[in-house]
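>>> sequence first, then the predicted structure, then my questions.
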Amino acid sequence: MRVPQGQDLVFKPWAEMAEGLGTITYLKCDQAEAEHLTGESDLRAAAVRLAGYGPSEIIITRSEGPTVYVDGQFYTGRFTPRSLAGRTGRGDTCFSSYVGKRLLGASPRQATLWAAAVTTLKQEKPGPWSGTLAEAEALVKEMEG
């Protein structure tokens, strides 16, 4: 989503964007990237437009949490960290935990909550997430309740 322009990488649609996006299942971008690619400032409108290129599942992250668009339905999760000491890598953690759950057979809703929980826990400590499944499962239950 970042295109080389001189010495910089800038957000903008690229020449092969439609072809490239048509070949993938999961697309993750943050809110700014989604807006630059689609021209849509509304997160949901951007997700619908991105899905029109072919990806089956769109994951858009923002500071509040992930929004996922699958088969015409939206799913949201909230990040609720007690600290932002480990904020770097939040998008990668959210995307990988979402896709991992989906590949294990979780529904989009379950995977969205899982991604929000794991990412919440990751943000509390620098470095990659090193928590336990039990910690994440407990936070998912809180989010469901």
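Okay, I see it.
>>> burial count for the closest residue in space to S56 that isn't next to it in sequence?
When the adjacent residues along the chain are set aside, S56 lies closest to T25, with 4.9 Å between them (C-beta to C-beta, 6 or more residues apart in numbering). Quick note: C-beta positions are derived from backbone N, CA and C, even for glycine. The local packing of T25 (other C-beta atoms under 10 Å) involves 10 other residues.
>>> per-residue pLDDT, T25?
According to the prediction, T25 has pLDDT 96.
>>> contacting residues for it?
Contacts of T25 were listed using C-beta atoms under 8 Å, 6 or more residues apart in numbering, and they are P55, S56, E57.
>>> run the chain-centre distance for the host helix or strand of E137.
With elements taken from DSSP states H and E, the one containing E137 is helix 133-144. In terms of C-alpha atoms, centre = their mean, to the nearest Å, the centre of helix 133-144 is set 18 Å apart from its chain centre.
>>> mind listing what's buried in that helix?
For helix 133-144, burial by neighbour count (16 or more other C-beta atoms under 10 Å) applies to A136, L139, V140, M143.
>>> where does the nearest residue to V3 once chain neighbours are set aside land in three-state SS?
Excluding the flanking residues, the one nearest V3 by C-beta to C-beta, 6+ apart is W14, at 4.9 Å. Assigned by DSSP: H, G, I helix; E, B strand; the rest coil, the conformation of W14 is coil.
>>> any idea how far W14 is from R2?
The span separating W14 from R2 equals 9 Å under the rule C-beta to C-beta, to the nearest Å.
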